[in-house]
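**Q** This is the structure alone, sequence omitted:
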């Protein structure tokens, strides 16, 4: 075993793992794995982009923005992140509002 705790740990977001890291390695930064985040995006968000003409194109646009955001790891991209995240959230809110108005 190492005598120095890791600076960063990536996980799939498991609640128990997060609690264990916080308890046992309080100075270690816990981040979520982009692969697992993207699986959750597809599982939980893609269903909102089905059933109407143009939905596939809108889903692909949403997914492109998601990946552009997810791949950024540079502190200089914080402003870009905020702007692009707002676009992503707004597009999803529009989808939800359109579904409820039908």
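**A** Right, received. Where do you want to start? In this text, all values refer to a predicted model and were calculated from it rather than measured experimentally.
**Q** residue boundaries of the strands in the protein?
**A** If DSSP state E is used as the criterion, the strands of the chain fall at 8-11, 29-32.
**Q** Let me have these in a markdown table, extended by mean neighbour count and mean pLDDT.
**A** C-betas here are computed from N, CA, C, even on glycine. Below are those laid out as a markdown table (neighbours: other CB atoms under 10 Å; pLDDT from 0 to 100):
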| stretch | mean neighbour count | mean pLDDT |
| --- | --- | --- |
| strand 8-11 | 13 | 94 |
| strand 29-32 | 13 | 92 |
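**Q** Need those strands in CSV (columns: distance to residue 78).
**A** Listed next are the strands of the chain as CSV, based on distance: least, CB to CB, whole Å:
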stretch, distance to residue 78
strand 8-11, 18
strand 29-32, 16
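**Q** what's the closest of these to residue 51?
**A** strand 29-32 (29.7 Å; CB to CB).
**Q** That closest one pairs with which strands, and in what direction?
**A** strand 8-11 (parallel) (DSSP bridges).
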